[in-house]
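Novice: sequence-free structure coming up:
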């Protein structure tokens, strides 16, 4: 099938179009909770993802597709509603927190069963924590379940009561449990005991062997094409009238790497929920389809996550490379931050549908965003001064900087192909640095190759989006702490490699245990200040999030964070 070309608008035209759309936006993101007396049960929904799933074992896989499938197949003890940011009960029907913020007691729902009919008990909770902390599994979730780098102590006092002891006072309390899908002990205990948990539930596992507590159960997997899930007849949640959930009979997740193809299928009625927000260049096409009633278009505001540039800062990564003296320097990163015009970046990369940012938090995080975070304005002259202080100057007058050995200043930048905003972002960075004499070799590869590149430490620089998993910074220890597995510029440090990372570790530890919200905010602002001074990750712009879904989708409550719609899949329905 020949794809019709997407209409590209000049930046001022698109900005005007977006402003008009925002003024009369649909309010689907604010839809009320489902009324089961009016919502029809049955039917199927088709969703899409850009990348192939890597594992059916969420505790051993970091990719977004594995996380999405796990969210449909499994359930949590509690869940943070990403629209209201309020904590809601799930497998735990109630809980208490001690005054010293060190102990939590959870009361579990009774008569809950896994999808294979086996009973759910407190032993499954204890087992899941043990599995999450299994070092051989790779720590995909385990780091996010630690406080100041230390494990929680989890015990089952009876079949339906779990006691949790935090290693120190922890202000977010049971909010931390939103990170953990509960797995079946009866299915996976043998693998954990044998030290083989990391390989359990790989993609070669028959889907009939996988059981969960979520609204859907895996029934089919076609490598490179699709994952099919059908309603879990044992699902514990009920609709407002007491009837069963989920409403849907089936969800099919298709792998569609290309957004043009994705949008064609959406308009043709072959797709209900695209992988993620629409790209800016597709806005005009989707807006016309929405005006014609073929799709629904939702403006969710400024996004919570954004792409960033970072360098490999692992000590010794470039030990044999004479560039090491400047490639890992704070001054290089500050020079790059000065060299990129953030407003021009927003206009070029997102066609104006973005706002400049200077750190990992955006205005979408209303509780923890700090508008006074130190900023590096667009200042090429200041950039060149910083580079000169590193001995990087144009020694032969050819417009390219050379180091003290008279070798050209250049590095390789890795980003994901097939993601227009990442590809364009890489190009804008490359072109901006060329103007100050730095040569950037831009290399685009698929998402899994980018992830494997920085996980293995085999890279120089990356431009990519590392999504934070929670609005509360204390719930992102894997990103902030030097020992974290999402501390991407230098992961899993045995001890802080720099004085400023040690300082952030200490501040985040204090921030997490402070009972007073004002104290927590003050400490986190200090963390953001240190981050802005050393720029281990350089942020340029946060996009506005526009989401398109099929017009037959019912009860959707889109959130600014991913997965924007499927986070509440048990409440979704379709018009039949």
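Specialist: In hand now; what should we look at? Only a predicted model underlies this, so the values are computations on that prediction, with no experimental measurement involved. Numbers count the residues shown, from 1 in each chain.
Novice: how about the contacts made by the residue lying closest to residue 64 once chain neighbours are set aside?
Specialist: Counting by C-beta to C-beta, 6 or more residues apart in numbering, residue 64 lies nearest to residue 562, which is 6.6 Å off, once chain neighbours are set aside. In this view, the C-beta of every residue, glycine as well, is placed from N, C-alpha and C. Residues near residue 562 by C-beta atoms under 8 Å, 6 or more residues apart in numbering: 64, 276, 305, 467.
Novice: of those, buried ones?
Specialist: Neighbour-count burial (16 or more other C-beta atoms under 10 Å) applied to the contacts of residue 562 gives 64, 276, 305.
Novice: list the contacts of the second one.
Specialist: Each residue near residue 276 by C-beta under 8 Å, 6+ apart is listed here: 50, 562, 563, 564.
Novice: now do residue 65: how many residues are near it, please.
Specialist: 22 (other C-beta atoms under 10 Å).
Novice: can you tell me the helix or strand for it?
Specialist: Counting by DSSP states H and E, the element that carries residue 65 is helix 64-73.
Novice: can you mark which positions in that helix are buried?
Specialist: 64, 65, 66, 67, 68, 69, 70, 71, 72, 73.
Novice: please apply the same query to stretch 454-467.
Specialist: For stretch 454-467, by 16+ other C-beta under 10 Å, it's 454, 459, 460, 461, 462, 463, 464, 465, 466.
Novice: equivalent analysis for stretch 89-101, please.
Specialist: Buried-residue list, stretch 89-101, by 16+ other C-beta under 10 Å: 89, 90, 91, 92, 95, 97, 101.
Novice: export these to a markdown table and tack on secondary structure, distance to residue 352 and pLDDT?
Specialist: A markdown table is the format used below for the buried residues of stretch 89-101 (DSSP: H, G, I helix; E, B strand; the rest coil; distance: C-beta to C-beta, whole Å; pLDDT from 0 to 100):
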| residue | secondary structure | distance to residue 352 | pLDDT |
| --- | --- | --- | --- |
| 89 | strand | 42 | 98 |
| 90 | coil | 40 | 98 |
| 91 | coil | 44 | 98 |
| 92 | strand | 45 | 98 |
| 95 | strand | 45 | 98 |
| 97 | strand | 45 | 96 |
| 101 | coil | 45 | 96 |
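Novice: any chance of the residues you listed in CSV, plus distance to residue 516?
Specialist: Listed next are the buried residues of stretch 89-101 as CSV, based on distance: C-beta to C-beta, whole Å:
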residue, distance to residue 516
89, 26
90, 28
91, 30
92, 26
95, 22
97, 15
101, 11
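Novice: of those residues, which is the nearest to residue 373?
Specialist: residue 101 (27.7 Å; C-beta to C-beta).
Novice: does the closest one really touch residue 515, like I thought?
Specialist: Yes. Residue 101 lies in contact with residue 515 (C-beta atoms under 8 Å); the separation is 6.3 Å.
Novice: which neighbours do those two have in common?
Specialist: Counting by C-beta under 8 Å, 6+ apart, the shared contacts of residue 101 and residue 515 are 169, 171.
Novice: just to revisit the earlier point, so of the buried residues of stretch 454-467, which ones are in strands?
Specialist: 461, 462, 463, 464, 465 (DSSP state E).
Novice: pLDDT check: weakest of those?
Specialist: Of all those, residue 465 carries the smallest pLDDT score, 92.
Novice: contacts for the helix holding residue 65?
Specialist: So helix 64-73 is in contact with 49, 51-58, 61, 181, 210, 212, 214-218, 227, 229, 251, 253, 255, 467, 562-563, 566-567, 569, going by C-beta under 8 Å, 6+ apart.
Novice: which stretches of the stretch 1-150 of the chain aren't confidently modelled?
Specialist: Counting by pLDDT under 70, the stretch 1-150 of the chain contains low-confidence ranges at 1-37, 138-140.
Novice: need the strands for it, in chain order.
Specialist: In the stretch 1-150 of the chain, the strands defined using DSSP state E, counting those that start in this stretch lie at 44-49, 78-80, 87-89, 92-97, 103-108, 146-147, 150-151.
Novice: residues contacting the most far-flung residue of the chain relative to its centre?
Specialist: In the chain, residue 396 marks the outermost C-alpha relative to the chain mean, sitting 44.8 Å out by C-alpha atoms, centre = their mean. Residue 396 makes contact with 402, 406, according to C-beta under 8 Å, 6+ apart.
Novice: mind redoing it with 7 Å?
Specialist: Shown in contact with residue 396 (C-beta atoms under 7 Å, 6 or more residues apart in numbering): residue 402.
Novice: so it sits in a strand?
Specialist: No. Looking at residue 396 with DSSP: H, G, I helix; E, B strand; the rest coil, it is coil, so not inside a strand.
Novice: need the pLDDT of it.
Specialist: The model's pLDDT for residue 396 equals 94.
Novice: name the single longest strand found in this protein.
Specialist: In the chain, taking DSSP E as the definition, the longest strand is strand 541-550.
Novice: other SSEs contacting that one?
Specialist: Where contact means 3 or more C-beta pairs under 7 Å, 6 or more residues apart in numbering; DSSP states H and E, strand 541-550 is packed against strand 295-302, helix 342-350, strand 354-356.
Novice: now render those as JSON lines, adding mean pLDDT and distance to residue 416.
Specialist: Shown next, in JSON lines, are these (pLDDT from 0 to 100; distance: least, C-beta to C-beta, whole Å):
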{"stretch": "strand 295-302", "mean pLDDT": "95", "distance to residue 416": "22"}
{"stretch": "helix 342-350", "mean pLDDT": "97", "distance to residue 416": "14"}
{"stretch": "strand 354-356", "mean pLDDT": "97", "distance to residue 416": "18"}
